[in-house]
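>>> Predicted structure and sequence below. I'll ask about it afterward.
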Amino acid sequence: MDQTSAIILASSLFIIMFGMGLSLTIQDFKRIFQFPKAVVIGLINQIVLLPLVGWVLISIMSVPAEIAVGLMILAACPGGPTSNLITHLAKGDTALSVTLTAISSLITIITIPIIVGFSLHSILGADQEVTLNIPKIIAQLIIIVLIPVSIGMFVHAKAPRFSQIMDKPVKIASAIVLALVIIGILIKEKDQIGTYFRLAGIIALLLNVITMGIGYLSAKLSKLNPQQAISISIESGIQNGTLAIAIATVTLNRTDLATTAAIYSLLMFVTALVVIGIRQFKRV
């Protein structure tokens, strides 16, 4: 990816994470002590089980190396602002969703380099020139995740009225940015997109559906209420595709590694609409 495109993508992600920060308060981080079981179960699903499911899928399915690495990059990422909106529309526990997104976004600053580094070494091997500078990727994640979220939270604390006014426009802008990023990736890889979609579509959909199912089942087995179960399900299966694309294209400078996240970002809305439809129909 050229430098201009990388700057645009990183800036767009900065804005998206700033928007997420506008909806966060310190209370969201304290909620882990108020509802420890729900938060811990959600984080285990996001941080541990999601990458494990991704690894199992690429181990048993025959997919090209770039798709496999792309899936693991995606599986290493936390949920994003989109998961909070989907949870709200699906009548889940929005506060729990926001809490899980906030905490997992901080934890994955450490876990993303570990998971992505392991995946690059295991899948691509030493013969392909893709190196991961761990201090660099941690610094990038701090710049495009931690700093904008912190600024958003500061603005929310000091000017709650302004953050409330800006919440909807920023969410709309975030959706537009994600759409433009996906379109850009698909155009750049247009010669291979048919093959990528055929190969990555199935495994991306499986990752989405299986992790959502595991999230819901684990919550129900833990005797959490239906709203909490829906939140954990969505947080487990709806990942921050924009961040995954940024890691692939900006950090690793490999657009082909971003196609899985781009395709996933399209498919996840289909399953999300199904969940929202079921929940609206049940009127829970």
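Thanks, I have it.
>>> For stretch 25-42, give the mean pLDDT please.
In this model, stretch 25-42 has a mean pLDDT of 81.
>>> CA atoms only: put it into PDB for me.
Extracted as PDB, the C-alpha positions of stretch 25-42 are listed here (Å, rounded to 0.1, in the frame of the first residue of the first chain):
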ATOM      1  CA  THR A  25     -16.900   6.400  30.400                       C
ATOM      2  CA  ILE A  26     -14.700   5.100  33.200                       C
ATOM      3  CA  GLN A  27     -17.800   3.300  34.500                       C
ATOM      4  CA  ASP A  28     -17.600   1.000  31.400                       C
ATOM      5  CA  PHE A  29     -14.200  -0.200  32.600                       C
ATOM      6  CA  LYS A  30     -15.400  -0.500  36.200                       C
ATOM      7  CA  ARG A  31     -18.300  -2.800  35.100                       C
ATOM      8  CA  ILE A  32     -15.900  -5.800  35.100                       C
ATOM      9  CA  PHE A  33     -16.100  -5.600  39.000                       C
ATOM     10  CA  GLN A  34     -19.900  -5.200  39.000                       C
ATOM     11  CA  PHE A  35     -20.700  -8.000  36.600                       C
ATOM     12  CA  PRO A  36     -17.500 -10.100  36.600                       C
ATOM     13  CA  LYS A  37     -18.900 -13.400  35.300                       C
ATOM     14  CA  ALA A  38     -20.500 -11.900  32.200                       C
ATOM     15  CA  VAL A  39     -17.400  -9.800  31.400                       C
ATOM     16  CA  VAL A  40     -14.900 -12.600  32.000                       C
ATOM     17  CA  ILE A  41     -16.900 -15.100  29.800                       C
ATOM     18  CA  GLY A  42     -17.100 -12.500  27.100                       C
END
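>>> Off-centre distance for that stretch?
Remark: stretch 25-42 is offset 19 Å from the chain centroid, using CA atoms, centre = their mean, to the nearest Å.
>>> can you check stretch 244-259 too?
Taking mean C-alpha positions (CA atoms, centre = their mean), stretch 244-259 and its chain are 14 Å apart.
>>> Could you pull out the buried residues of that stretch?
By neighbour count on 16 or more other CB atoms under 10 Å, the buried set for stretch 244-259 is 244-252, 254-259. Any C-beta I mention is one placed from the backbone N, CA and C, and that applies to glycine too.
>>> Now do the contacts for residue 17.
Counting by CB atoms under 8 Å, 6 or more residues apart in numbering, residue 17 touches 105, 144-145, 148-149, 152.
>>> Max pairwise distance over those residues: which two?
144 and 152 (12.7 Å; CB to CB).
>>> What ranges in the chain fall below the confidence cut-off?
The chain contains residues with pLDDT under 70 at 1-9, 125-133, 171, 174-175, 177-178, 181-182, 184-186, 188-193, 282-284.
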